[in-house]
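In: Got a sequence here, can you build the structure:
(chains A and B, ligands or ions: 3)
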Amino acid sequence: MNPMNVIIIGAGTAGCEAAYRLAKAGFTVELVEKECTPGGNLNNWFQLFPDRKQASALRQLLQQQVEHPSIRLHTDTVPVKIERQDARHYAMELDNGARLEGNALLVTTGFRTFDASRKEEYGYGIYENVITSVELENYFANRQILTSTGKRPERIGLIQCVGSRDEKMCNFHCSKVCCITAVKQAMELRELLPDAEILCFYMDMRMFGPGYEEMYREAQEKYNIKFVRGRLSEASENQAKQVVVKCEDTLVGKPMRMTLDLMVLMVGMEASDGSRWVAKELQLPLAPNGFIQPGDPHYATNRTAVEGVFVAGCATSPMNLTDTLTDARSAALAIGEFLNGNEHYN
Amino acid sequence: MNNIWGFTISSARVIDYDKNDRSFAQYMTDTVPSSQLCIGCGGCTATCTAGALTDFNIRKLQMLVKRGENREAGEQMHKCMLCGKCLLVCPRGVDTRRMIFAMLKYIDNQKL
Ligand code: SF4
Ligand code: SF4
Ligand code: SF4
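Out: Ligands and ions are numbered 1, 2, ... in the order given. Below you'll find the predicted structure:
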């Protein structure tokens, strides 16, 4: 009998990890990726929290894993049509003309980062010295932080919750990882700029993961990072191309104004375009935040409302890398049980 | 300001971080490094002996210093009774009493 085949859409962290686990469990995998290399959003990252591991180390591991002989990787292509004949038979057409068949479908279409120019009052794309957290990772990769005027920044502000927890941006949800990303990036900035003043502007410090609160503490104590509780209301640019920001320091109870040489926006996560497309194509219900709704928040986190269609990673909600990897393994297990007909939860 | 028109212009309430003198804040960081660890939880204020009887707020006070609002901090400082209760509750191990001592000493020297 031919081994059963699983189609996975998206070769980011979740897709690669699930593909490898399924391959090791004896299934064959068709792994579809829109970019020319696997890795997804991980490809934009320099160092990971909480251990400051190089992102490239994890990326290489995932790329090695998908070289498994049972995995067929289709890069630089997206599905244009998905047909669900029944719970155990799927046909997918790709934009390069290929046609794939599978016995289960796994959606690992990840997230997209919030388009910071939508938050107009912060001036991204208008003021020269406003960048996003993703762009800052790029600066780290080049080991150089300069302002648009070629200066070493003396005061840097990291602005949390950009595009998250903001009804005006139609995003009620918390993106979960940007608090710890701000702490990590503030520490990396300190290492490159020992004399700069570095401030994080936050509403809450959501240090949910193991080692995160400890890292926050370390950032305060050893890295002299300052934390201001208050949401930025607006920013403007002065003649020296610095950014003048306004917020309330809610722990003092007064409005505050200050000039920054560089402002970094911690952009949140939104459902990716791929997730939206797949959800529409397969009629998968979406959660109010736009991410794909899992079957049950406790027992069926990797299933969807459509039998045979599974989901893992940031397609369902913002997640850190640890949880994404775990979720991918859990999805591989759930798919294995489904295909072998020994599901535990029905 | 002379007040012949029956009204005055109040001074701006906004914290002007660029202009404020933050050498007091720097002194506090240098002499009591644990003051950097405050997360603004308010445990100290809730238990504070002076705060129970006056509008003294130890949590807010150190924040004022950190933002360079020294004059306002200086006006409040003497209300602390140095009982040390705040020290016992702080979840971040901020040495609040030493911090207050350091602040009083600085204020004394600077005549804030
Ligand atoms: S993780 Fe932090 S910065 Fe990100 S949305 Fe949630 S509270 Fe805001
Ligand atoms: S030492 Fe001062 S601030 Fe602390 S509890 Fe006593 S009176 Fe309040
Ligand atoms: S109890 Fe400690 S952490 Fe909480 S506000 Fe007071 S000094 Fe800060």
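In: thought A:I159 was touching A:M266?
Out: Yes: A:I159 lies in contact with A:M266 (Cβ atoms under 8 Å); the separation is 6.2 Å. In this view, the C-beta of every residue, glycine as well, is placed from N, C-alpha and C.
In: Tell me the residues of chain A that contact ligand 3?
Out: Neighbours of ligand 3 within chain A, by Cβ under 6 Å from any ligand atom: none found.
In: got the domain boundaries for chain A?
Out: Domain segmentation of chain A under automatic domain parsing yields A:5-110+A:272-339, A:116-268.
In: what's the closest of those domains to chain B?
Out: Set against chain B and scored by Cβ to the nearest Cβ, the domains of chain A come closest in domain A:116-268, at 3.6 Å.
In: Compare the domains of chain A and give me the one nearest ligand 1.
Out: Among these, domain A:116-268 comes nearest to ligand 1, with 3.1 Å by Cβ to the nearest ligand atom.
In: Grab the nearest non-local neighbour of A:A25.
Out: Excluding its sequence neighbours, the residue lying closest to A:A25 (Cβ to Cβ, 6 or more residues apart in numbering or on different chains) is A:G336, at 5.1 Å.
In: To what extent is the one you found buried, counted in neighbours?
Out: Residues near A:G336, counting by other Cβ atoms under 10 Å in any protein chain shown, number 19.
In: In chain B, where is pLDDT below threshold?
Out: Residue ranges of chain B with pLDDT under 70: B:1-5, B:7-11, B:111-112.
In: what ranges do the helices span in it?
Out: Per DSSP state H, chain B carries helices over the ranges B:23-31, B:43-47, B:49-53, B:58-66, B:70-76, B:85-89, B:96-110.
In: right, so of the domains of chain A, which gets closest to ligand 2?
Out: Of the domains of chain A, nearest to ligand 2 by Cβ to the nearest ligand atom is domain A:116-268, at 15.9 Å.
In: what's the distance between the closest one and the middle of its chain?
Out: Its chain's average C-alpha position is 18 Å from that of domain A:116-268, according to Cα atoms, centre = their mean, to the nearest Å.
In: try stretch A:315-329
Out: Using Cα atoms, centre = their mean, the offset of stretch A:315-329 from its chain centre is 9 Å.
In: in it, what counts as buried?
Out: Residues of stretch A:315-329 classed as buried by neighbour count (16 or more other Cβ atoms under 10 Å in any protein chain shown): A:315-321, A:323-329.
In: Correct me if wrong, but A:R257 is in a strand.
Out: Yes: per DSSP: H, G, I helix; E, B strand; the rest coil, A:R257 lies within a strand segment.
In: Flag every residue of chain B that's near ligand 2.
Out: Checking chain B against ligand 2 by Cβ under 6 Å from any ligand atom, the hits are B:47-51, B:58, B:80-86, B:96-97, B:100.
In: Excluding chain neighbours, what is closest to residue 70?
Out: Here I'm looking at chain A. A:S70 sits nearest to A:A23 (Cβ to Cβ, 6+ apart), 4.0 Å away.
In: Switch to chain B, please.
Out: Closest to B:N70 by Cβ to Cβ, 6+ apart is B:F24, at 4.9 Å.
In: I figured the one you found hits B:Y106, correct?
Out: Yes: using Cβ under 8 Å, B:F24 is in contact with B:Y106, at 5.9 Å.
In: Those two: who's more crowded?
Out: Shown here are B:F24 and B:Y106; by other Cβ under 10 Å, B:F24 has more neighbours (23 against 20).
In: on that earlier part again, could you pull up the residues touching the residue nearest to B:N70?
Out: B:F24 is in contact with B:V65, B:G68, B:N70, B:A73, B:M103, B:Y106, B:Q110, B:L112, counting by Cβ atoms under 8 Å, 6 or more residues apart in numbering or on different chains.
In: what do you get for A:A305?
Out: With contacts defined as Cβ under 8 Å, 6+ apart, A:A305 is in contact with A:L284, A:P285, A:Q293, A:G295.
In: could those go into JSON lines alongside secondary structure, distance to chain B and neighbour count?
Out: Shown next, in JSON lines, are the contacts of A:A305 (DSSP: H, G, I helix; E, B strand; the rest coil; distance: Cβ to the nearest Cβ, whole Å; neighbours: other Cβ atoms under 10 Å in any protein chain shown):
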{"residue": "A:L284", "secondary structure": "coil", "distance to chain B": "40", "neighbour count": "19"}
{"residue": "A:P285", "secondary structure": "coil", "distance to chain B": "39", "neighbour count": "12"}
{"residue": "A:Q293", "secondary structure": "coil", "distance to chain B": "35", "neighbour count": "18"}
{"residue": "A:G295", "secondary structure": "coil", "distance to chain B": "38", "neighbour count": "19"}
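In: any idea which of those is the one closest to A:V183?
Out: Proximity of these to A:V183 was ranked by Cβ to Cβ; the top entry is A:Q293 with 30.5 Å.
In: Quick check, the closest one in contact with A:T301.
Out: No: using Cβ under 8 Å, A:Q293 is not in contact with A:T301; the gap is 10.7 Å.
In: Find the residues that touch each one of the two.
Out: A:T316.
In: Pretty sure B:G40 sits against B:M63.
Out: Yes: counting by Cβ under 8 Å, B:G40 does reach B:M63; the two are 6.8 Å apart.
In: so what sits against both of the two?
Out: With Cβ under 8 Å, 6+ apart, B:G40 and B:M63 have common neighbours A:L251.
In: what's the closest of the domains of chain A to B:Q36?
Out: domain A:116-268 (4.8 Å).
In: residues contacting the closest residue in space to B:T45 that isn't next to it in sequence?
Out: In space, and not counting its chain neighbours, B:T45 is closest to B:R59: 4.4 Å by Cβ to Cβ, 6+ apart. For B:R59, the contacting residues are A:L251, B:C38, B:G40, B:C41, B:G42, B:C44, B:T45, by Cβ under 8 Å, 6+ apart.
In: Please tell me how far the residue nearest to the fourth one when sequence neighbours are not counted sits from ligand 2.
Out: To tie it back to what came earlier, the one meant is B:C41. Leaving out its chain neighbours, the residue that sits closest to B:C41 by Cβ to Cβ, 6+ apart is B:P91, at 6.3 Å. Distance, B:P91 to ligand 2, using Cβ to the nearest ligand atom, to the nearest Å: 15 Å.
In: Next, count neighbours for B:P91.
Out: Neighbour count of B:P91, defined by other Cβ under 10 Å: 11.
In: And for A:T147?
Out: For A:T147, the number of neighbouring residues by other Cβ under 10 Å comes to 20.
In: separation between it and A:F310?
Out: Noted for A:T147: a distance of 46 Å to A:F310, by Cβ to Cβ, to the nearest Å.
In: about what we covered before: quick one, which of the helices of chain B is nearest to A:L232?
Out: A:L232 lies closest to helix B:58-66 among these, at 17.7 Å (Cβ to Cβ).
In: Cheers, nothing more for now.
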